[in-house]
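**Student:** would you be able to build a 3D model of this:
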Amino acid sequence: SIQYPDTGLRRLVSTNESGLYLISGLPVGAIVLTAEKQGFRTIQRDTTMRIGETKTLDFNLDILANETSVQVVDSAELVRNNAATGATFENSQISRLPVNGRNWGNLMSLVPGAIDTGAGNGTSVRFMGRGGDDSNFRVDGATTGHPWLPHIAGYVPSLDAIETVSIVSNSFDAEQGYAGGAAVNVQIKSGTNALHGSGYEYHFNQHLKARPYFLPASQGKEKRVVNQWGGTLGGPIIKNKLWYFASTRYWISSAYQPGNYYNKTQGTLFYTPDLTRPAYELNYYKEASARLNWQATQRNKFTASYSF
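**Tutor:** Below you'll find the model as predicted:
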């Protein structure tokens, strides 16, 4: 049997006459495998399933005497990887990496074969010499890019809402498609049997960055202030059956370039700078998402999500 401690999901399988077994279509996450047969010692193993992984875990069951016992083992496991080139970033890594702007697209420049031609936020990263529009972006397996502009992700989830980012840049297998440059799959977190949440606020201004080398000594650094805040919340509605997860993020930026001022003579054909009123460029972005996961049976799981 296989069980997910976080959600209580349990699958039962039997071996064939040769002692071989196969469990397919498993969600990612920490699992506990239990091998048991009447007259033999029960063995348990802990492991973690990740996107695109195929694992081989063997069990050696000893004949059981008169006592009853469960043996927990931690032996080596065989991970069978294909020839694909790429990288996988898990939440534990994403939360510790200094991701510029807290945009997960910046992770793409860390993958073998990536060429960053500009901002590094996903729209300017190319792979293996292919064009930027040859990449395919998917969230939970569904393509989110525009058919005519596939290099632009239609949905940019919050870093705190991401469970895994998988990027395959070359030698695709049969699971990948609709991509010539890179196949990028972002998996969003799901609720579990335990209540979990997070909150954050990130601040940046011009005093926290280095002075440009070629900036004239008489000129000050460009004024820029960025604030980003948000949070996540997930938990059970019905334990072992129905869970929820929600996230929200708000980003606001204001910048000033020297020489930009409001016009004193608005409504006329002339521009007279009002030196007492610097003109700031203001940008903002807000995003929120919610999802429900229903484990109908051992093999059937339904997900409903909404984002804006």
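
**Student:** listing partners with orientation, what would you give for the helix or strand encompassing Gln44?
**Tutor:** Using DSSP states H and E, Gln44 maps to strand 42-49. With DSSP bridges as the test, strand 42-49 is paired with strand 29-35 (antiparallel), strand 70-73 (parallel).

**Student:** worst mean pLDDT among these?
**Tutor:** Per-stretch mean pLDDT for the strands paired with strand 42-49 is lowest at strand 70-73 (a mean of 57).

**Student:** what does the average pLDDT come to for stretch 277-295?
**Tutor:** So the average pLDDT for stretch 277-295 ends up being 87.

**Student:** pull the CA atoms of it into PDB?
**Tutor:** Only the C-alpha atoms of stretch 277-295 are listed here, as PDB (Å, rounded to 0.1, in the frame of the first residue of the first chain):
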ATOM      1  CA  ARG A 277       6.200  68.300  -8.600                       C
ATOM      2  CA  PRO A 278       8.400  65.400  -9.800                       C
ATOM      3  CA  ALA A 279       6.500  63.000 -12.000                       C
ATOM      4  CA  TYR A 280       6.700  59.400 -10.700                       C
ATOM      5  CA  GLU A 281       5.900  56.400 -12.800                       C
ATOM      6  CA  LEU A 282       3.500  54.200 -10.900                       C
ATOM      7  CA  ASN A 283       2.900  50.500 -11.600                       C
ATOM      8  CA  TYR A 284       0.900  47.900  -9.700                       C
ATOM      9  CA  TYR A 285      -0.100  44.300 -10.000                       C
ATOM     10  CA  LYS A 286      -2.500  42.200  -8.000                       C
ATOM     11  CA  GLU A 287      -3.200  38.500  -8.100                       C
ATOM     12  CA  ALA A 288      -5.300  36.000  -6.200                       C
ATOM     13  CA  SER A 289      -6.200  32.400  -6.600                       C
ATOM     14  CA  ALA A 290      -8.200  29.700  -4.900                       C
ATOM     15  CA  ARG A 291      -8.500  25.900  -5.400                       C
ATOM     16  CA  LEU A 292     -10.400  22.900  -4.100                       C
ATOM     17  CA  ASN A 293      -9.200  19.300  -4.300                       C
ATOM     18  CA  TRP A 294     -11.600  16.400  -3.900                       C
ATOM     19  CA  GLN A 295     -10.300  12.900  -3.500                       C
END
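
**Student:** in it, what counts as buried?
**Tutor:** 287, 289-293, 295 (16 or more other C-beta atoms under 10 Å). (Each C-beta comes from the backbone N, C-alpha and C, glycine too.)

**Student:** which helix or strand contains the closest residue to Phe302 other than its chain neighbours?
**Tutor:** Setting aside the residues directly before and after it, Phe302 is nearest to Trp294 in space (C-beta to C-beta, 6 or more residues apart in numbering), at 4.7 Å. Taking DSSP H and E as the criterion, Trp294 maps to strand 281-295.

**Student:** which strands and helices sit next to the one helix or strand Phe137 maps to?
**Tutor:** Per DSSP H and E, Phe137 falls inside strand 136-139. Applying 3 or more C-beta pairs under 8 Å, 6 or more residues apart in numbering; DSSP states H and E, one finds that strand 136-139 contacts strand 183-188.

**Student:** which other helices and strands contact the strand it packs on?
**Tutor:** strand 136-139, strand 162-170.

**Student:** could you export that strand as CSV, CA atoms only?
**Tutor:** Taking C-alpha atoms only, strand 183-188 is exported to CSV below (Å, rounded to 0.1, in the frame of the first residue of the first chain):
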residue,chain,number,x,y,z
ALA,A,183,8.6,22.7,-21.6
VAL,A,184,7.9,24.6,-18.3
ASN,A,185,5.4,23.1,-15.8
VAL,A,186,4.4,25.0,-12.6
GLN,A,187,2.6,23.0,-9.9
ILE,A,188,0.5,24.9,-7.4
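
**Student:** low-confidence ranges in this protein?
**Tutor:** 65-84, 119-123, 131-132, 145-154, 171, 173-179 (pLDDT under 70).

**Student:** helices of that one, start to end?
**Tutor:** 91-94 (DSSP state H).

**Student:** give me the neighbour count for Ile63.
**Tutor:** Neighbourhood size, Ile63 [other C-beta atoms under 10 Å]: 7.

**Student:** ok, now Phe40?
**Tutor:** Phe40, neighbours per other C-beta under 10 Å, totals 14.

**Student:** before we move on, the earlier item: tell me the bridge partners for the residue nearest to Phe302.
**Tutor:** Leu242, Phe302.
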